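A.B. asks: Need coordinates for the below:
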Amino acid sequence: MRIVHLANHAQTIGNGTVNMMVDLACVQARMGQEVVVASSGGGFEPLLRRHGITHIPLQQSRQPWRVPSMIAGFNRLIDRFDPDIVHAHMMTGALISRFGSMRRRFALVTTVHHELQKSAALVRAGDRMVAVSQAVADDLEARGIGAGRLSIVLNGAVGAPRLVLRPAARPVRLRHPNIVCVAGMYRRKGIADLLQAFAHVREQAAGQTEFLPEPHLYLVGDGPDRGSMEALAAELGIAEAVHFTGFVADARPYLASADVFALLSHQDPSPLVIAEAREAGCAIVATRVGGIPEMLDGGTAGVLVPPGEPAQAAAKLHWLLIDGQARGQYAARARQNLQQLSVERVSGEYMAIYQHTLAERESLRRRQGAMDARRARAPDGAV
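C.D. replies: Predicted coordinates:
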């Protein structure tokens with residue numbers, strides 16, 4: 001099968017959509033498929049080449065004046081590669097795929113990675129839409145997208161080629177006990193809630209030092225709200241115990257050294273970091289939003305708390321920090337049933353969707369051909 005993946009870029013900046021696309025393309029190439037990635041490029045290009053994947057520069061921008069050149073570039077790509085499947089991971093790619101080649105042979109599959117995108121419904125241009133969690137699918141159906149054209153493939157990152165094939169990252173020495181969060185510095189990731197929860201944990205620890213020495217919080221990631229989060233840590237009086245590491249390309253050493261992993265997102269469709277934390281064997285506290293419960297087996301593989309409730313999150317974090325037995329039990333549960341979060345499972349489900357979509361297009365083409373033939377034979381064009 002010849003497959004083209006479209007994304008705005010292939011940069012190693014922690015973008016979950018790009019990471020998922022790169023993992024999927026690499027596993028498909030490993031399975032023997034012919035794979036092309038078309039994007040504006042980035043740090044993942046050497047990894048793609050190592051898997052025999054052709055990277056073709058294709059600028060994708062939301063600026064209207066760029067549309068004609070994007071369509072022309074896409075059409076050259078189609079003429080050169082003649083794909084069976086075009087898989088668009090972002091809105092721009094979905095639109096140029098839909099309107100760039102009006103007499104297309106390929107089937108167009110679009111993945112909605114985030115229900116928050118105002119343009120998410122625009123990817124209905126595809127022959128088949130894929131949601132990255134049941135929560136995203138529910139949101140799309142509420143927008144009027146019929147379930148008959150919608151599939152669900154839960155994200156996974158266990159065995160991710162972008163991590164497995166990296167040179168071993170240097171171990172990190174973290175202070176214990178600790179809480180680790182790997183997330184972009186965006187308000188929707190609940191960083192402010194985590195800081196407030198950590199302040200509560202510190203207050204509780206101050207009165208029971210015999211059970212819980214002074215805890216530390218490691219925030220691994222970067223983003224536009226980092227400055228305001230650093231200011232909040234200072235305002236809460238916890239700045240000396242909160243460590244902002246900035247962006248880390250391979251966070252596995254931090255996960256390996258975590259006592260508890262926390263992700264208190266307000267909204268999150270299907271975060272890859274949950275799979276990575278489970279693979280590392282972390283005891284996890286996360287919010288019951290988006291696809292997070294699905295990635296934690298409904299709460300079996302981690303502790304779920306309501307979003308926007310720092311006090312409740314603090315109670316669970318404090319409990320796991322002081323109760324080594326409970327922490328060990330959740331760490332063990334995190335390592336169970338990892339196949340459902342593997343990149344091989346993700347790739348297999350997408351390949352099944354591709355085949356089904358191609359079969360549907362072929363069936364539709366035959367029905368249309370038969371109808372055209374009947375019209376041609378019927379008097380006065382009647383059928």
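A.B. asks: wait, isn't R30 in contact with H51?
C.D. replies: Yes - between R30 and H51 there is a contact under CB atoms under 8 Å: 6.4 Å. Any C-beta I mention is one placed from the backbone N, CA and C, and that applies to glycine too.
A.B. asks: what sits in contact with each of these two?
C.D. replies: Taking CB atoms under 8 Å, 6 or more residues apart in numbering as the contact rule, R30 and H51 both touch P161.
A.B. asks: Pretty sure A10 is one of the things H55 touches, is it not?
C.D. replies: Yes - if you go by CB under 8 Å, H55 and A10 touch, sitting 6.9 Å apart.
A.B. asks: Can you pull the residues that touch both of these two?
C.D. replies: Common contact partners of H55 and A10 (CB under 8 Å, 6+ apart): V37, S39, G41, E45, L48.
A.B. asks: what about V346, helix or strand, and which?
C.D. replies: V346 belongs to helix 343-377 when elements are defined using DSSP states H and E.
A.B. asks: All the strands of the stretch 201-350 of the chain, in order from the start?
C.D. replies: With DSSP state E, counting those that start in this stretch as the criterion, the stretch 201-350 of the chain has strands at 216-220, 242-246, 260-263, 284-287, 303-305.
A.B. asks: mind listing the helices for the chain?
C.D. replies: Here the chain has its helices, by DSSP state H, at 16-30, 45-50, 67-81, 91-100, 134-142, 161-164, 191-206, 226-235, 252-256, 272-279, 292-295, 310-322, 324-334, 343-377.
A.B. asks: Pick the most buried one from those helices.
C.D. replies: Mean neighbours per residue, mean count of other CB atoms under 10 Å, is largest over the helices of the chain for helix 272-279, with a mean of 26.
A.B. asks: who touches that one?
C.D. replies: Residues contacting helix 272-279 (CB under 8 Å, 6+ apart): 16, 19-20, 155-158, 160, 163, 182-183, 251-252, 255, 258, 261, 263, 284, 286, 292, 295-296, 301-302, 334-335, 338, 341.
A.B. asks: and it with helix 16-30, angle?
C.D. replies: Here helix 272-279 runs at an angle of 60 degrees relative to helix 16-30 (axes from the mean of the first three to the mean of the last three CA atoms, to 10 degrees).
A.B. asks: mind putting the strands of the stretch 201-350 of the chain in TSV, mean neighbour count and distance to A169 included?
C.D. replies: Below are these laid out as TSV (neighbours: other CB atoms under 10 Å; distance: least, CB to CB, whole Å):
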stretch	mean neighbour count	distance to A169
strand 216-220	23	12
strand 242-246	16	13
strand 260-263	28	17
strand 284-287	28	21
strand 303-305	21	27
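A.B. asks: Nearest to A94, out of the ones you listed?
C.D. replies: Nearest of those to A94, taken as CB to CB: strand 260-263 at 28.3 Å.
A.B. asks: quick check: mean pLDDT across that closest one?
C.D. replies: Strand 260-263 comes out with an average pLDDT of 98.
A.B. asks: who does that strand touch, helix- and strand-wise?
C.D. replies: On a contact count with 3 or more CB pairs under 8 Å, 6 or more residues apart in numbering; DSSP states H and E, strand 260-263 meets strand 178-182, helix 272-279, strand 284-287, helix 310-322.
A.B. asks: and it, C-alpha only, in CSV?
C.D. replies: In CSV, the C-alpha atoms belonging to strand 260-263 read as follows (Å, rounded to 0.1, in the frame of the first residue of the first chain):
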residue,chain,number,x,y,z
VAL,A,260,4.3,10.0,41.2
PHE,A,261,3.4,11.2,37.8
ALA,A,262,0.7,13.9,37.6
LEU,A,263,-1.3,15.3,34.7
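A.B. asks: how far is it from where the chain is centred?
C.D. replies: Its chain's C-alpha centre and that of strand 260-263 lie 18 Å apart, by CA atoms, centre = their mean, to the nearest Å.
A.B. asks: swap in stretch 318-328?
C.D. replies: On CA atoms, centre = their mean, the centre of stretch 318-328 falls 29 Å from that of its chain.
A.B. asks: again with stretch 319-332
C.D. replies: Counting by CA atoms, centre = their mean, stretch 319-332 is centred 27 Å from the centre of its parent chain.
A.B. asks: quick one: contacts of it?
C.D. replies: 177, 179, 201, 205, 208, 211-212, 215, 259-260, 281-285, 301-303.
A.B. asks: now the residue nearest to G73 when sequence neighbours are not counted: how far from P46?
C.D. replies: Nearest non-adjacent residue to G73, counting by CB to CB, 6 or more residues apart in numbering: L58, 5.1 Å away. For L58, the distance to P46 equals 18 Å [CB to CB, to the nearest Å].
A.B. asks: for V36, what are its contacts?
C.D. replies: R2, I3, V4, H5, I53, T54, H55, I56, L77, F81, P83 are the contacts of V36 under CB under 8 Å, 6+ apart.
A.B. asks: Narrow those residues to those that are buried.
C.D. replies: For those, a neighbour count by 16 or more other CB atoms under 10 Å gives the buried set as I3, V4, H5, I53, H55, I56, L77, F81, P83.
A.B. asks: Which residue ranges make up the domains of this protein?
C.D. replies: As assigned by automatic domain parsing, the chain contains the domains 2-156+343-375, 178-339.
A.B. asks: Which among the helices and strands packed on strand 260-263 is found nearest to S347?
C.D. replies: Closest to S347 of the helices and strands packed on strand 260-263, according to CB to CB: helix 272-279, at 14.1 Å.
A.B. asks: now the closest one against strand 178-182, angle please.
C.D. replies: Using the same axes, to 10 degrees: helix 272-279 against strand 178-182 is 140 degrees.
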